[in-house]
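**Student:** I'll drop the sequence and a predicted model, then ask my questions.
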Amino acid sequence: MRRRGFTLIEISTIVVILAMIAAITYPSLASVVKSQRIRSYLQDVERLTTDARGIAVQTGQTVSLVSDGEGSFQIRASSEESDEGQVFEQIAPVQGISATSFRLGADDIGADEWELRFYEDGTADPGGVLLTEANETWALVIEPKTGRGRIQRGELPDTTLTEWEAGDYVRRS
């Protein structure tokens, strides 16, 4: 009786084929994982603005969104409030993405000065942050009248209020 089994050559051939398939699919799989990590981070940053607005409305106090300039963001009690050090929520940076430009109103400022305030009536300071990764840029833009933040592709737009009040014939400056 002969024993049935695989020869060393057959097993080696299967291993080589599997290695070639893995070598072909790994770069695209790594790219998918990286893009998913970036997408998740951008959604977390956008969600943080919604949470900051909600905390301000719910607690009746002004809260601030701050950044360390490396891509980490925190919601904390505003510096004008009494319990300044209280951190409500934070997100960690993602490797490869950095916050490169900070804006409050019409002014570009440094990361250490950037403190975007959300108020108890649901409004916020106008401002935003430019987030970059290799060859892509996204802007976190805060709508001051609604206090809502959104992520959009491209450069950081002018965040000053340019709308006229309803019924006004002359633009107020």
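**Tutor:** All right, it came through fine.

**Student:** Each with direction, which strands does the helix or strand residue 103 falls within pair with?
**Tutor:** Residue 103 is part of strand 98-104, with elements assigned from DSSP states H and E. Take DSSP bridges as the rule and strand 98-104 pairs in its sheet with strand 107-109 (antiparallel), strand 127-133 (antiparallel).

**Student:** hey, C-alpha coordinates of the next helix or strand along the chain from the shortest one in CSV?
**Tutor:** Put plainly, it is strand 107-109. Next in sequence after strand 107-109, counting helices and strands by DSSP H and E, comes strand 115-118. Provided in CSV are the C-alpha atoms of strand 115-118 (Å, rounded to 0.1, in the frame of the first residue of the first chain):
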residue,chain,number,x,y,z
GLU,A,115,-8.6,78.5,21.8
LEU,A,116,-11.9,78.2,20.0
ARG,A,117,-14.8,79.0,22.4
PHE,A,118,-18.3,77.4,22.3
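
**Student:** Give me the residues contacting strand 115-118.
**Tutor:** If you take Cβ atoms under 8 Å, 6 or more residues apart in numbering as the criterion, strand 115-118 is touched by 49, 52-53, 55-56, 62-66, 78-79, 104, 124-125, 127, 142, 147. Yep, even glycine has a C-beta here, placed from its N, CA and C like the rest.

**Student:** can you rerun that using 10 Å?
**Tutor:** 49-57, 61-67, 73, 75-76, 78-81, 102-104, 109, 123-129, 140, 142, 144, 147, 149, 159 (Cβ atoms under 10 Å, 6 or more residues apart in numbering).
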